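Participant: Generate a structure from the sequence data that follows.
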Amino acid sequence: PACHSHRRRLASQVKALNRAPPDAFSSLKCSWQYFAGFFDAEGYIRVPPQSKTILLAVGQKFDSILQALHGFLNREVSMGGINIERHASSSTLVVSQTATSRIILHQLLAGGLLVKRPAAEAVLDMECVSHACIRARLSKLVGNQNRYARLDENGLVRAKQIQRVRMRLRNRSLNHDQASQSHNNNNNKNRSCKMCVPVLGQWRNTRVWRVVLAC
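Facilitator: Next up is the predicted model:
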């Protein structure tokens with residue numbers, strides 16, 4: 001519009017709409033075709049450097065649509081590993097189990113997945129190739145934003161070694177905490193062993209019993 005004040009009103013309305021969470025997804029009737037289009041636009045497929053695992057994720061600012069997709073996947077797949085992770089300013093629908101991810105990818109391919117079809121087909125053939133090879137194939141199918149942060153084959157080996165060291169340190173810390181807690185509990189039990197000695201006394205012509213706790 002030519003009017004400056006009118007443009008300002010429209011800009012404020014658009015800003016308010018962007019900040020307000022949508023409420024039209026509670027009655028959404030999701031389908032695999034709908035989810036395939038949504039995943040093409042907002043989802044991503046990942047194979048982490050620590051393990052040969054297929055991870056699927058869809059991120060959104062508001063989680064109302066993710067709640068609808070979460071319910072749809074739980075009804076259709078009926079397997080574990082489907083969760084919604086909430087962050088400070090966004091939410092992410094995550095599929096963390098490889099078996100569940102495989103079923104979902106097969107359904108997405110049948111539902112018309114287009115943009116991410118090569119990546120989906122690559123990870124579904126992951127059993128026939130090495131971990132480093134599948135990550136190299138995926139890196140060629142995505143953008144160049146993180147090309148300098150991706151790990152090569154030697155980096156994958158180091159990442160797995162670091163992960164094993166972290167797990168050992170975590171287990172050692174847990175064992176130390178458990179031993180400290182057990183030691184503290186034993187000390188508390190020893191301190192709680194007390195003797196009650198009755199002493200006869202008078203106060204305002206009334207006979208009372210005073211209990212003296214001696215460690």
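
Participant: switch to C-alpha atoms for all contacts and neighbour counts from now on
Facilitator: Will do.

Participant: isn't residue 33 right up against residue 114?
Facilitator: No - in terms of C-alpha atoms under 8 Å, residue 33 does not count as a neighbour of residue 114; the distance is 11.0 Å.

Participant: contacting residues around the residue nearest the centre of the chain?
Facilitator: Residue closest to the mean C-alpha point of the chain, counted by C-alpha atoms, centre = their mean, is residue 85 at 4.5 Å. In this structure, residue 85 makes contact with 91, 92, 93, 94, judged by C-alpha atoms under 8 Å, 6 or more residues apart in numbering.

Participant: Residue 138 and residue 15, how far apart?
Facilitator: 36 Å (C-alpha to C-alpha, to the nearest Å).

Participant: higher neighbour count, these two?
Facilitator: residue 138 (19 against 11; other C-alpha atoms under 10 Å).

Participant: What does the pLDDT read for that one?
Facilitator: Looking at residue 138, its pLDDT is 83.

Participant: what does residue 174 give?
Facilitator: 80.

Participant: same question, residue 209
Facilitator: 43.

Participant: do the one 4 residues further on as well
Facilitator: According to the prediction, residue 213 has pLDDT 42.

Participant: quick one: residue 141 is in a strand?
Facilitator: No - according to DSSP: H, G, I helix; E, B strand; the rest coil, residue 141 belongs to no strand; its state is coil.

Participant: The residue lying closest to it once chain neighbours are set aside sits in which helix or strand?
Facilitator: Residue nearest to residue 141 in three dimensions, not counting chain neighbours: residue 119, with 6.5 Å by C-alpha to C-alpha, 6 or more residues apart in numbering. With elements delineated by DSSP states H and E, residue 119 resides in helix 117-124, which encompasses its position.

Participant: and that helix, what does it pack onto?
Facilitator: helix 98-110, helix 131-139 (3 or more C-alpha pairs under 8 Å, 6 or more residues apart in numbering; DSSP states H and E).

Participant: so how far is the longest one off the chain centroid?
Facilitator: Same thing as helix 98-110. Averaged C-alpha coordinates place helix 98-110 at 19 Å from its chain's average position (C-alpha atoms, centre = their mean, to the nearest Å).

Participant: Using CSV, list the CA coordinates for it.
Facilitator: In CSV, the C-alpha atoms belonging to helix 98-110 read as follows (Å, rounded to 0.1, in the frame of the first residue of the first chain):
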residue,chain,number,x,y,z
THR,A,98,17.4,-46.9,13.3
ALA,A,99,14.6,-49.5,13.0
THR,A,100,12.0,-46.8,13.4
SER,A,101,13.8,-44.4,11.0
ARG,A,102,13.9,-47.1,8.3
ILE,A,103,10.2,-47.8,8.5
ILE,A,104,9.4,-44.1,8.3
LEU,A,105,11.8,-43.5,5.4
HIS,A,106,10.2,-46.4,3.4
GLN,A,107,6.8,-44.8,4.0
LEU,A,108,8.0,-41.4,3.0
LEU,A,109,9.5,-42.7,-0.2
ALA,A,110,6.2,-44.4,-1.0
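
Participant: Done for today, thanks.
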